[in-house]
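Q: Okay, sequence plus prediction incoming.
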Amino acid sequence: MFVVGLLCVVLCLRVVGQGGQGGVEYNVLAVTVPLDIMGSVQTFIVPLNVSSTGLLSEYSLYVVSQGVPRYSYLFSRMPPVAVFLEVSAYSGVYEAWYGGGNPYTAYTSTPGSQSSFWLAYDDFDYATGFWANSSVVISGSKATLMPNGYLALTTPYSSSTGHIWLLHSKRALVLVFSKAYSEFITLTLTSANFTDIALVQDGSDIFFLDQAGRCLYYSVLYLDKSARILQVAVNPANNTIVYMLYGGVNMCPGYRVS
């Protein structure tokens, strides 16, 4: 399942018209942004109400607000779904035009191009802590939004592109420290505080990230899966929240110290 940012669409109205030299049909999209993520970078997924899917094209679709374009892309023709980037999320109205010309081709976020942006992936077997959420049911590899619910990344987008964590590791454990530490901290995890120890492979799959997706120096001191005991050490680098990833590909093997 691909999910990004948040979306509370309170109105999706199809209108036929002409926007400058642009499209012949557009949707009015009214978006409500929760206060706790207002002003942050968000990627919106929006369903489109189209008269004919034949009007939809990756190259004719564009999204504007008060005449200012947003980086956007046609995510799916069936069902009709568009995505667009907002560098400072706010509650407002957008127009998604399609079916005609595109005066903002430089804002077409074709995958792999210089203007592309991408989605963040999570299998949603359980709440990882990577997403702020409200009125969301997470189970069965799905995140189901209830009325007035939302789902948003807890870390803003940045050049570090740290949001592909769970493409590489199957699980993550969120470690919260009472204060900032700049030296190694030893942690002993047992079945009482780490129920996923059976999913650890052999210890080589374990690594640590900060909230910006940067690798942290760490060590795997002891692992006994039959006794359900894992002892690790990590240098949080003055971060109070650290993620221990496991069960997949180790993206930070060079940060493991003996």
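A: Here it is on my side, so go on.
Q: State the number of residues packed around the nearest residue to residue 188 once chain neighbours are set aside.
A: Closest residue to residue 188 apart from its sequence neighbours, by C-beta to C-beta, 6 or more residues apart in numbering: residue 231 at 5.0 Å. For every residue, glycine as well, the C-beta is placed using N, CA and C. By the criterion of other C-beta atoms under 10 Å, residue 231 has 15 neighbours.
Q: So which bits of the strand or helix carrying residue 231 are buried?
A: Assigned by DSSP states H and E, residue 231 belongs to strand 229-234. Across strand 229-234, burial judged by 16 or more other C-beta atoms under 10 Å covers 230, 232, 233, 234.
Q: so who does the last one touch?
A: Pointing back at residue 234 there. Listed by C-beta atoms under 8 Å, 6 or more residues apart in numbering, the contact partners of residue 234 are 175, 184, 185, 187, 208, 216, 217, 218, 219, 242, 244.
Q: Among these, name the buried ones.
A: Taking 16+ other C-beta under 10 Å as the criterion, what is buried in these is 175, 187, 208, 216, 217, 218, 219, 242, 244.
Q: ok, the fourth one - contacts?
A: I take that to be residue 216. Contacts of residue 216 were listed using C-beta under 8 Å, 6+ apart, and they are 208, 209, 210, 234, 235, 236, 237, 239, 242, 252, 255.
Q: can I assume residue 198 sits in a helix?
A: Yes. Counting by DSSP: H, G, I helix; E, B strand; the rest coil, residue 198 is found in a helix.
Q: what sits against the closest residue to it other than its chain neighbours?
A: Nearest residue to residue 198 in three dimensions, chain neighbours excluded: residue 225, at 6.5 Å (C-beta to C-beta, 6+ apart). Residue 225 sits next to 197, 198, 200 when contact means C-beta under 8 Å, 6+ apart.
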